[in-house]
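Trainee: got a predicted structure plus its sequence, pasted below:
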Amino acid sequence: MDIRRHSLFVIAVTAVLATACGRSVSKNEPDGGTDTDTATDTGTGADGGTDAGGIIIAGGEGEQSVPHVALTSDDRLWVSYYSTATGSYVERLQLLDPSGAKLLGGDGLLVSDNAQDTWVMDTALATADDDAAILAFGDIRTGQEEVYAFKIATDGTFEWGADGLALEAGGDPNAWPSVVIASDGDAVFSFESWPDDESVKDSSVLQRVTPDGMLLWGDGVVLANPAMDVIRPRLAAADNGAVIVVWIETPDLMSDERVIRARKIAPSGEPVWTDDRTVISGQPIPMYIEPILEPDGAGGVFVAFTQVDPGEMLHAYVQHLDANGTSTMPAGGVALSTDESREWTDPCPAWIASANELVVSWREMDASQGSNGLAVQRFTPDGARGWGGEGVRLVDLSPDWLGSSATRGSGSGAAIFYGTAPAADFTAISLFAGRVSLDDETPVWTPDALSPVGTSKSRVEVSARTSTGFWLVWSDSSNDTGDIYGLFEAM
């Protein structure tokens with residue numbers, strides 16, 4: 001097996017909260033709304049076994065895994081996932097109404113049954129301006145891994161054809177897509193390209209597709225460096241139809257010698273900034289880390305990342321690039337905490353537009369990584385901390401395992417979601433959520449148990465805020481090799 005594919009596969013599927021702090025791309029993220037419950041527990045598991053909490057979105061025979069979610073403008077929820085119910089991996093799609101009712105049949109819509117390997121890579125999902133699902137994933141229909149994009153209307157119509165669009169046809173193998181919807185309605189995709197010649201460094205490619213399925217950037221905008229692998233391209237929508245792409249450059253895929261760079265790209269495919277921006281260089285970054293992006297709503301982006309500081313401690317930072325590409329925080333970013341006796345990892349940012357501040361949650365560990373906790377901090381765009389040097393500790397350090405958190409804007413504050421398990425028993429993961437208010441000098445933290453029954457949860461996705469709360473969707477292997485569950489938390 002190609003080590004590049006193997007390492008990416010492990011990274012993609014082992015996190016309890018999904019890649020990019022449990023975030024897929026949704027069309028809307030309103031701040032207001034009243035609190036009313038919708039989806040509720042069903043009682044028993046998908047196969048009559050353990051109750052994992054929530055509603056069953058996809059169950060039955062085989063493995064249902066790698067879910068992603070995206071909201072429509074009227075609070076319906078797209079859910080994509082892989083299924084092996086027919087014996088091999090296929091990609092399926094479901095649409096839920098606000099009450100959790102399935103709108104595309106009990107088994108969802110079959111998107112693609114083209115040939116897949118015996119294992120699969122991650123996928124990408126977003127909601128278009130017309131509420132259609134924009135879905136990207138790879139398959140081996142041509143004999144090698146290549147990424148395809150689909151647009152599927154709310155009635156199940158395949159608007160870009162039954163086989164989707166090849167985003168880079170006939171070139172090197174490519175995989176691991178991301179997607180955002182630009183402010184002009186185009187879909188912009190990024191993915192990695194892996195040359196068959198291993199003496200040639202990996203590159204990353206971007207492609208732009210109009211709502212009617214026209215590829216605008218020819219063979220794509222290529223991010224390449226002859227001396228460095230260019231990997232983990234991640235996207236944020238900006239102003240005037242532009243997007244910001246943030247990526248990692250490294251001399252070797254197994255190396256922790258890494259540089260994070262950024263570029264703003266106009267709808268024409270040309271750079272907006274005069275040169276690429278360097279977010280961080282000179283500090284080791286573990287191979288499993290990728291940049292986490294949060295748009296600032298004004299054409300810029302916040303970038304959160306984790307590096308290895310002197311003393312071999314994992315510490316997370318945040319940097320802000322404004323619409324002109326200017327770093328508004330000190331060079332190298334601002335540390336999430338000043339407590340260097342602890343590790344701070346897995347940052348998850350949320351921009352609170354009404355307060356003009358960024359809220360970031362993260363996982364804390366002691367120096368031995370034997371105890372875990374949860375903390376949060378607020379930042380102004382210039383990097384000033386608002387809740388003291390160490391932030392606010394929401395969950396104290398304990399031997400219980402605590403997974404990566406997900407942070408979402410919620411009115412004048414932020415909702416924070418996380419999972420815990422006693423003594424790292426990953427068959428007994430429970431989900432919790434609470435809210436911090438930027439109106440409070442010191443936040444009041446009273447978390448709710450969302451799925452108090454401990455089960456084998458993985459790949460937890462958290463939606464943007466609906467008009468009344470948030471959807472959580474996850475894969476659960478308590479009863480078989482995997483079912484997809486969801487629940488709604490009014491907040």
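Mentor: Great, that's in hand. Numbers count the residues shown, from 1 in each chain.

Trainee: low-confidence ranges in this structure?
Mentor: The chain contains residues with pLDDT under 70 at 1-20, 23-53, 169-170, 452.

Trainee: switch to 50 and redo it
Mentor: Residues of the chain meeting the criterion pLDDT under 50: 1-15, 18-19, 25-50.

Trainee: can you give me the helices in it?
Mentor: Per DSSP state H, the chain carries helices over the ranges 3-14, 19-22.

Trainee: buried set for stretch 443-454?
Mentor: Buried residues in stretch 443-454, counted by 16 or more other CB atoms under 10 Å: 443, 445, 447, 450-451, 453-454. From N, CA and C alone the C-beta is placed, and that goes for glycine too.

Trainee: tell me the two of these that are most distant?
Mentor: Spatially, the most separated pair among the buried residues of stretch 443-454 is P443 and V453, at 27.6 Å (CB to CB).

Trainee: just put the buried residues of stretch 443-454 in a markdown table and tack on distance to T278.
Mentor: Shown next, in a markdown table, are these (distance: CB to CB, whole Å):
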| residue | distance to T278 |
| --- | --- |
| P443 | 34 |
| W445 | 36 |
| P447 | 38 |
| L450 | 40 |
| S451 | 41 |
| V453 | 46 |
| G454 | 43 |
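
Trainee: of those residues, which is the nearest to I56?
Mentor: The closest of those, once distances to I56 are taken by CB to CB, is S451, at 12.9 Å.

Trainee: the closest one touches A421, doesn't it?
Mentor: No - using CB atoms under 8 Å, S451 is not in contact with A421; the gap is 12.0 Å.

Trainee: who touches both of these two?
Mentor: Counting by CB atoms under 8 Å, 6 or more residues apart in numbering, the contacts common to S451 and A421 are S430.

Trainee: is it true that A236 touches A262?
Mentor: No - between A236 and A262 there is no contact under CB under 8 Å: 9.3 Å.

Trainee: what residues are shared contacts of these two?
Mentor: Counting by CB under 8 Å, 6+ apart, the common neighbours of A236 and A262 are 244, 246, 301.

Trainee: got TSV for those residues, with distance to G333 and neighbour count too?
Mentor: Formatted as TSV, the shared contacts of A236 and A262 follow (distance: CB to CB, whole Å; neighbours: other CB atoms under 10 Å):
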residue	distance to G333	neighbour count
I244	16	27
V246	12	25
V301	13	30
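
Trainee: from the residues you listed, which is closest to T84?
Mentor: Ranked by distance to T84 (CB to CB), those are led by V246 at 33.5 Å.

Trainee: what's the separation between that closest one and A237?
Mentor: 13 Å (CB to CB, to the nearest Å).

Trainee: what is the neighbour count of D440?
Mentor: Neighbour count for D440, taken as other CB atoms under 10 Å: 13.

Trainee: what sits against the nearest residue to S430 once chain neighbours are set aside?
Mentor: Residue nearest to S430 in three dimensions, not counting chain neighbours: G454, with 5.0 Å by CB to CB, 6 or more residues apart in numbering. By CB under 8 Å, 6+ apart, the contact set of G454 is 421-422, 425, 427-430.
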